[in-house]
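[1] below is the sequence, then the predicted model.
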Amino acid sequence: MTDLAAQRRFGDLVARRVQEARRDLLPRLFAKDVTLWPGGARERSEMAQRLGWLEVAAAMEPRLPELEAFAAEVRGAGFRRVLLLGMGGSSLAPEVFARLAGGSAGLPLTVVDTTDPAAILDAEAGGDLATTFFLVSSKSGTTVEPNALMAYFLERCGGDGRRFAAVTDPGTALADVAAARGFRRAFLNPPDIGGRYSALSLFGLVPAALAGVDVRRVVRGAVAERQDCAASDGLPGQRAARLAACLATAAETGRDKLTLLMPRDVEPFGAWVEQLVAESTGKGGRGLLPVVGEPLRAPGDYRADRVFVALFPPGGDAGPEQRALAALSREGHPVLALPFDPVPGLGGAFFEWELATALAGVWMGIDPFDQPNVAESKANTEKVLAGFARGEAPEPAPGPADRAALAARLGAWLARLRPDDYVAILAYLAPNGAHDALLSRLRAALGGGTGAAVTVGYGPRFLHSTGQLHKGGPPAGAFLQIETADARDAAVPGAVYTFGRLKLAQALGDVAALERRGKNVVRVRLAEGDLGVLEAALGDALGRGTR
């Protein structure tokens, strides 16, 4: 049983911090006081260029008629679906909007944030290209994945830029491409907003409008939330401060596994929170690991490294998440319940989590707006790709999997787990239902067999999310990287590599970055048909063989 006295101390510290936030920290944050966070003159100058999210919702209000007219124009031009080509902060909020708040009058919107060739080919085949509209979304305009996807689909569309629009910062290479190729529109976002804080900017609202989301309600909700949080006695401000205090107190008391409990149908919002919190806090050997979609365990089966936040619809009967939260609290775990209704409350929820994450960074002593370790995997990927360009052969296709040998490798990896480790499954696979089911089974097996928190991320998507925490966060962590050889591949126009080779280079680059830090990593590369052997071998390694 968890120490109930420690739970009380946790609650007392949270309460003191809430008062500090309302009295001093929140007013300074809304005044954009960059001395709240650590850093010298250069770092604080950069922070000052990352605080536009505090006011962007109000700045978007005059743009809403333009966004609605653009969405109507795209529908009127005969387009029947939208493919969004982006990564990280440019793709996660749009997926939330499309899956939780899309309207019947909008177009079906699919996020393509992968370099897996099978997934790209499946996205292409998912509808008539002649009636497919493409939205290329990239803050920097230089991110390799959306640029490769843009080149591929531009070629598949015969270079017809009228089927494309872009969302980017002013002056980027993507803005230049949009002008040169005759894109239907190039939306230039305010540049003083980092990608993971951009949900309420054009990066979130342009795809939301295309998907039929009521963007006026979203923006109204965010503006109201901001006003209420800025008020000294506002309940939303107190709620955001309590969330921030819970996050920071959890990080400093060893409860650095932020476990989100929510109905499965709102888990896309959890994936957005995952990036926001992991990439904002995971640096300097500190950070919070968000755990989203993990199977619920008995309260006594969790280690004392958890803090639980439940998101559930307000009012009504207590659902399983609320009942679970009560049982966890009785066991002594810190818990926080936040009402969450994605249709009317999405704008406010985005702002509340952004504010809480930035405020938690004050107490944690970190800069919540940078991502110092993201560039390392990118550089490693470029090295591998440069080798391919010089004629170095990629890895050969894997042969038939040997269950016993694989079980031995996995057993050795499991034997190196430490008591404070989490387990991260890094899946360089096509995101689809079959792989989702497989990864869920692997996750359940690892969680039940080790007692550790287990996360799952598709590569390269997680590189723009939890990848920062994997490398810059606490030293804990054990990593299972899963890859399959590509039965299908597709060339990247203008490049010397295919999507399959790009995905392989990203996987190799990430392993190199983890191993350089002495992380416990096992890399498994299989033929697609041998994923079942991996599942059986993991069962063997955990001591309960499967048939």
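    Great, that's in hand.
[2] which regions of the stretch 151-300 of the chain sit below the pLDDT cut-off?
    232 (pLDDT under 70).
[3] do that again at 80, thanks
    Where the stretch 151-300 of the chain drops to pLDDT under 80, the residues are 232-234.
[4] okay, helices next: where are they in it?
    173-180, 202-210, 215-230, 235-252, 267-281 (DSSP state H, counting those that start in this stretch).
[5] and those helices, which is most packed in?
    helix 202-210 (a mean of 29; mean count of other CB atoms under 10 Å). Where C-beta positions appear, they are placed from N, C-alpha and C, glycine not excepted.
[6] how far off centre is it?
    18 Å (CA atoms, centre = their mean, to the nearest Å).
[7] now the most centrally placed residue in the chain. Nearest residue, chain neighbours left out?
    Nearest to the geometric centre of the chain sits Q275, at 3.4 Å (CA atoms, centre = their mean). Ranked by CB to CB, 6 or more residues apart in numbering and with sequence neighbours excluded, the top spatial neighbour of Q275 is S465, at 3.8 Å.
[8] residues touching the one you found, list them.
    G88, L92, A271, E274, Q275, A278, E279, G457 (CB atoms under 8 Å, 6 or more residues apart in numbering).
[9] distance of the fourth one relative to L188?
    In this case it means E274. 28 Å (CB to CB, to the nearest Å).
[10] what are the buried residues along the lengthiest helix in the chain?
    Secondary structure of the chain read by DSSP state H shows that its longest helix is helix 342-364. Neighbour-count burial for helix 342-364 flags 342, 345-364 (criterion: 16 or more other CB atoms under 10 Å).
[11] skip ahead from it and say which helix or strand is next.
    Sequence order places helix 374-389 as the next helix or strand after helix 342-364, per DSSP states H and E.
[12] and the angle from that following helix to helix 267-281?
    100 degrees (axes from the mean of the first three to the mean of the last three CA atoms, to 10 degrees).
[13] what's helix 374-389 packed up against?
    helix 467-472, helix 499-516 (3 or more CB pairs under 8 Å, 6 or more residues apart in numbering; DSSP states H and E).
[14] ok now the shortest one, how far from the chain's centre?
    Think helix 467-472. That offset, for helix 467-472, works out to 12 Å (CA atoms, centre = their mean).
[15] could you do the longest one as well?
    Going by CA atoms, centre = their mean, the spacing between the C-alpha centre of helix 499-516 and its chain's C-alpha centre is 19 Å.
[16] now do the buried residues in that helix.
    499-514.
[17] so what strands line up beside the next helix or strand after that helix?
    Per DSSP H and E, the first helix or strand lying C-terminal to helix 499-516 is strand 520-526. Strand 520-526 pairs in its sheet with strand 478-484 (parallel), by DSSP bridges.
[18] give the rounded mean pLDDT of the strand it pairs with.
    Strand 478-484 carries an average pLDDT of 97.
[19] and the contacts of it?
    With CB under 8 Å, 6+ apart, strand 478-484 has contacts from 410, 413-414, 416-417, 421-429, 442, 446, 452, 459, 470, 503-504, 507, 510-511, 514, 519-528, 531, 534.
[20] repeat that for stretch 48-60.
    29-30, 32, 34, 190-194, 197-198, 200-202, 205, 219, 222-223, 226, 347, 351, 354, 369.
[21] relative to helix 215-230, how tilted is the helix or strand A98 falls within?
    Element membership for A98 (DSSP H and E) is helix 92-101. Angle, helix 92-101 to helix 215-230, by the same axes, to 10 degrees: 110 degrees.
[22] residue contacts, the closest residue to P236 other than its chain neighbours?
    Closest residue to P236 apart from its sequence neighbours, by CB to CB, 6+ apart: D228 at 4.0 Å. Neighbouring residues of D228 by CB under 8 Å, 6+ apart: G234, L235, P236, G237.
[23] where in this protein is pLDDT low?
    Looking at the chain by pLDDT under 80, you get 1-4, 232-234, 314-322, 375, 377, 393, 544-547.
[24] okay, now the domains of it?
    As assigned by automatic domain parsing, the chain contains the domains 4-25+248-342+357-364, 54-213, 374-541.
[25] hmm, V335 is touching P299, no?
    No: using CB atoms under 8 Å, V335 is not in contact with P299; the gap is 10.3 Å.
[26] list the residues that contact both of these two?
    L328.
[27] about what we covered before: out of the helices of the stretch 151-300 of the chain, the one nearest G141 is which?
    helix 173-180 (3.3 Å; CB to CB).
[28] from what I can see L336 touches L247, true?
    No: between L336 and L247 there is no contact under CB under 8 Å: 9.3 Å.
[29] who touches both of these two?
    V307.
[30] for the helix or strand harbouring A324, buried residues please.
    Assigned by DSSP H and E, A324 belongs to helix 320-331. Buried residues in helix 320-331, counted by 16+ other CB under 10 Å: E321, A324, L325, L328, S329, E331.
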